[in-house]
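> Could you work out the structure for the sequence below:
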Amino acid sequence: MIGYVTLGTNDLARAARFYDALAEAIGAKRIFEVETSIVWATPGGTALDITMPFDGNPATVGNGVMVALQCRDSAQVDAVYNLAMSMGASSEGAPGPRPGIDGFYAGYFRDPDGNKLNAFVMG
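Below you'll find the model as predicted:
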C-alpha cells in the first residue's frame with residue numbers, strides 16, 4: 001500500500017551519513033539522489049526519502065509520525081537500534097518484545113533531526 005515515506009531534514013549531509021549506515025544494516029541502497037533529497041529502498045520494497053523541505057522553511061518533526069524499518073529477525077533489530085544510538089540517535093524505547101502483539105519485537109529511536117523511527121520484526 002505505501003510506496004515511500006518522506007522525512008524532512010535541516011542537514012542533508014548529516015542525514016545521509018545516518019541513513020546510509022541504517023540502510024546498509026537492513027540491506028537497502030540509495031536509489032535516487034539530487035541536491036536536496038536522497039532516497040533509499042530495499043529490492044521490491046518501499047522507499048525512504050530524506051529531503052530538505054520544498055518550501056524552504058525549516059524541517060520539523062510530525063507529532064505522532066513514525067517510520068518503521070522492517071528487519072529479518074530480532075538480532076537485526078538490535079543491530080539497527082544500536083547502530084542508530086552510536087550515530088547520535090536518541091532512544092524512545094530499547095529493543096524488546098512489545099506487549100499485546102504476539103511476536104512483535106521492536107526498538108524505537110529518533111534520528112538526529114528528531115524524526116521517530118523503529119526497527120521491528122513480526123513473528
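
> all helices for the chain, in order.
Secondary structure of the chain, counting by DSSP state H: helices at 12-26, 74-86.

> Show me the one of those helices that comes nearest Asn118.
For those, the distance to Asn118 is smallest for helix 74-86, at 8.4 Å, taking Cβ to Cβ. C-beta here means a position set from N, CA and C on the backbone, and glycine is covered the same way.

> mean confidence score for the closest one?
The average pLDDT for helix 74-86 rounds to 98.

> can you check stretch 59-68 too?
What stretch 59-68 shows for mean pLDDT is 92.

> contacts for it?
5, 7-10, 48, 52-53, 106, 108, 110, 113-120 (Cβ atoms under 8 Å, 6 or more residues apart in numbering).

> just stretch 74-94 next, same as before
Counting by Cβ under 8 Å, 6+ apart, 17-18, 21-22, 25-26, 69, 71, 95, 105-112, 116-121 sit against stretch 74-94.

> returning to what we had before: among the contacts of stretch 59-68, which ones are buried?
Buried members of the contacts of stretch 59-68, scored by 16 or more other Cβ atoms under 10 Å, are 5, 7-9, 48, 52, 106, 108, 110, 113-120.

> before we move on, the earlier item: okay, the helices of the chain in a markdown table with mean neighbour count and distance to Val34 next?
Putting the helices of the chain into a markdown table (neighbours: other Cβ atoms under 10 Å; distance: least, Cβ to Cβ, whole Å) gives the following:
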| stretch | mean neighbour count | distance to Val34 |
| --- | --- | --- |
| helix 12-26 | 17 | 10 |
| helix 74-86 | 19 | 25 |
